[in-house]
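Asker: here is the input, now give the coordinates:
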Amino acid sequence: MTDEHAGWIKDLVGPLRVKPGSSVDLARDFDPGARFGVRKKQDGQDLLRQGVKLLAEYQDRLAAQDTYGVLVVLQALDAGGKDSTIRHVMSGMNPQGVRVSSFKEPSSAELRHDYLWRHARELPARGEIGVFNRSHYEEVLVVRVHREILDSEKLPPEDRTGNIWARRYREINDWERYLADNGITVVKMFLNVSREEQRIRFLRRIDRPEKNWKFAASDVRERQYWDKYQHAYSAMLSHTSTEWAPWYVLPADHKWFTRLCTAAVIADTLIDIDPKYPAPDPAARQELEQAKRDLEAEAPPEAPRDPAAS
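Answerer: Model (predicted):
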């Protein structure tokens, strides 16, 4: 990768990162409409193509090295653009090395286990990139806004006392530290959409028949909890952005810019890992050289030149 590519990626990613230990207020600290100097959509799309190309290159090296895995966590409010972001950013990757897991309301079987159990089952293997479309963070977001959900989680009474959210932040941080210590790099992105842009996208889903399937009346009902969600996200970002698993807040009012930021963050993560193609050991090298000689020996003899064709 050229220094030029590394430059624009680093410059773009820097303002998105939540500094570990900082106290976040979404409304104060992050602008959903920001574009960080990339004013034209065409410029953003040109950079995105570069980013997607880089991702394909680094994914190939990651798979070949077979040492590290990457877990990409995507969180957003409804209509934040997660699905389209996954589709556009992952378009150039080998589908055999990428697995997307979407987490809906837990099933009755999943509720019989601890809240991290169903997520642990979907972790990427070494050499893979796993994407969580929503994630274990729902347990400190939607469950915090709708605390009655705790009743369905079958927790022992003593585990519902005290500050359950502080405890879950600690548990999540410890789990992600465990993953990092075992070669799974965790990178987390929150797609930060404004209330007004969400309203516009909901109307678009209602007005366009081909998008009706993406809309549910409950989406509008959840808007009455907007302030509570903003508080829950601010607290989550403040307590769970760590050196080993940082959060990035991506402006989400312009989908093309969100996709560019997503590609940049994942590319920056892979650049830091810097996976290498494995070099064959001496025995394997000898086999390769012998195979080359055998194949070259099978080449048909060159046909004699026709002087008349000169």
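
Asker: list the contacts of the nearest residue to Y233 once chain neighbours are set aside.
Answerer: Leaving aside its sequence neighbours, Y233 sits nearest to L26 (CB to CB, 6 or more residues apart in numbering; 5.9 Å). (Each C-beta comes from the backbone N, C-alpha and C, glycine too.) Contact analysis of L26 by CB atoms under 8 Å, 6 or more residues apart in numbering lists N192, Q230, Y233, S234, L237, V249.

Asker: for the first one, give the beta-bridge partners.
Answerer: Under DSSP bridges, the beta-bridge partners of N192 are P251.

Asker: packing partners for the helix or strand harbouring H88?
Answerer: Using DSSP states H and E, H88 sits in helix 82-89. Secondary-structure packing of helix 82-89 (3 or more CB pairs under 8 Å, 6 or more residues apart in numbering; DSSP states H and E): helix 41-65, strand 69-76, strand 129-133, helix 255-273.

Asker: sort out which residues of the last one are buried, please.
Answerer: It refers to helix 255-273. 255-271, 273 (16 or more other CB atoms under 10 Å).

Asker: one more: the longest one?
Answerer: Judged by neighbour count using 16+ other CB under 10 Å, the buried positions of helix 41-65 are 44, 47-48, 50-52, 54-55, 58-59, 61-63, 65.

Asker: would you list the contacts of L26 in TSV and tack on distance to K211 and neighbour count?
Answerer: Formatted as TSV, those follow (distance: CB to CB, whole Å; neighbours: other CB atoms under 10 Å):
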residue	distance to K211	neighbour count
N192	22	27
Q230	26	16
Y233	25	24
S234	30	18
L237	30	26
V249	26	25
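
Asker: just those now: which is nearest G162?
Answerer: G162 lies nearest to S234 out of the contacts of L26, by CB to CB, at 21.1 Å.

Asker: the nearest residue to P124 once chain neighbours are set aside: how many residues sit nearby?
Answerer: Leaving aside its sequence neighbours, P124 sits nearest to G130 (CB to CB, 6+ apart; 3.2 Å). Using other CB atoms under 10 Å, G130 has 20 neighbouring residues.

Asker: cool, and D151?
Answerer: Using other CB under 10 Å: D151 sits among 9 other residues.

Asker: report pLDDT for it.
Answerer: pLDDT, D151: 88.

Asker: with A284 instead?
Answerer: For A284, pLDDT reads 80.

Asker: next, work out how far apart it and R61 are.
Answerer: Going from A284 to R61 by CB to CB, to the nearest Å gives 18 Å.

Asker: and V13, what does it touch?
Answerer: V13 sits next to Y248, C261, A264, V265, D268 when contact means CB under 8 Å, 6+ apart.

Asker: give me that answer again for 10 Å
Answerer: Y248, C261, A264, V265, I266, A267, D268, T269, I271 (CB atoms under 10 Å, 6 or more residues apart in numbering).

Asker: now the strands for the stretch 101-250 of the chain?
Answerer: Secondary structure of the stretch 101-250 of the chain (DSSP state E, counting those that start in this stretch): strands located at 129-133, 184-192, 247-251.
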